[in-house]
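Visitor: What follows is a predicted structure for the sequence shown.
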Amino acid sequence: MRAYYPILLLLSLSCQPGPAPPDKRAEENSCPLPVDSNLVSVKDTVSPERVVAYAKTLIGTPYKFGCTAPETGFDCSGFIGYVFHHFNIEVPRSSVDFTNDGTEIALDNALPGDLILFTGTNSKIRTVGHIGLIVSHDSSGTRFIHSSSGKENAVIITQLDERYMARFVKVIRILK
């Protein structure tokens, strides 16, 4: 077993988020950068359609707990983070951390690009444990893209059905 330990350690570390690189500007500049209150947030300039279209390019990427890259796979929040980071939009790393993020939207008013939050697999524990990105919400229902640890074990698009409604927590809007 001893011979396998370094390999197991390497595998376990390959999916762990590393520390953020230091901000060189902060080190080089002893004065804080001025804040322009007239600047438009990146969240205001990226269209939800572009975010959804990019997310769809990742369909089929394997589910892998704790991972945040298509080369290794995604967990649900790793997938959402990867998609939003592609557009330079910072979002929480963990699904539970989205609980108080964004603006809560009624499910009836959900739009493509909104995030849909669910409990974990135990719907009796009403803490957020899963997250997806709404791709459509119309007369045929609501569909969302997410990294599923279920039988598909990959990034998929799922119809919001009674099984997911039992776990539904809320919809939030990050994009304007």
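Guide: That came through fine.
Visitor: Give the other helices and strands that the lengthiest strand in the chain contacts.
Guide: Taking DSSP state E as the assignment, the strand of the chain that covers the most residues is strand 128-138. Contacts defined by 3 or more Cβ pairs under 8 Å, 6 or more residues apart in numbering; DSSP states H and E place strand 128-138 against helix 48-56, helix 76-86, strand 115-119, strand 141-147. Where C-beta positions appear, they are placed from N, C-alpha and C, glycine not excepted.
Visitor: what about this protein, any weak spots by pLDDT?
Guide: The model of the chain has pLDDT under 70 over residues 1-43.
Visitor: tell me which element residue 158 falls in.
Guide: Element membership for residue 158 (DSSP states H and E) is strand 155-159.
Visitor: got a list of contacts for that strand?
Guide: Here strand 155-159 makes contact (Cβ atoms under 8 Å, 6 or more residues apart in numbering) with 55-56, 58-61, 63, 74, 79, 132, 135, 141-148, 164.
Visitor: if we can go back for a sec, could you dump the helices and strands packed on strand 128-138 into TSV and include mean neighbour count?
Guide: Formatted as TSV, the helices and strands packed on strand 128-138 follow (neighbours: other Cβ atoms under 10 Å):
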stretch	mean neighbour count
helix 48-56	17
helix 76-86	22
strand 115-119	23
strand 141-147	23
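Visitor: Tell me which of these sits nearest to residue 153.
Guide: Comparison of the helices and strands packed on strand 128-138 against residue 153 by Cβ to Cβ identifies strand 141-147 as nearest, at 9.0 Å.
Visitor: now that closest one, how far from the centre of its chain.
Guide: 12 Å (Cα atoms, centre = their mean, to the nearest Å).
Visitor: Now do it against strand 155-159, angle only.
Guide: 160 degrees (axes from the mean of the first three to the mean of the last three Cα atoms, to 10 degrees).
Visitor: Can you tell me what sits against strand 141-147?
Guide: The list of residues contacting strand 141-147 from outside it, by Cβ under 8 Å, 6+ apart, reads 52, 55-56, 59, 61, 63, 73-76, 78-79, 107, 110, 116, 130-137, 154-160.
Visitor: List every C-alpha atom in that strand, with coordinates, as CSV.
Guide: What follows is strand 141-147, C-alpha atoms only, in CSV (Å, rounded to 0.1, in the frame of the first residue of the first chain):
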residue,chain,number,x,y,z
GLY,A,141,-41.6,23.8,-18.6
THR,A,142,-38.2,24.7,-17.1
ARG,A,143,-35.0,23.0,-18.3
PHE,A,144,-31.6,23.5,-16.6
ILE,A,145,-28.1,22.5,-17.3
HIS,A,146,-26.0,21.1,-14.4
SER,A,147,-23.3,18.6,-13.5
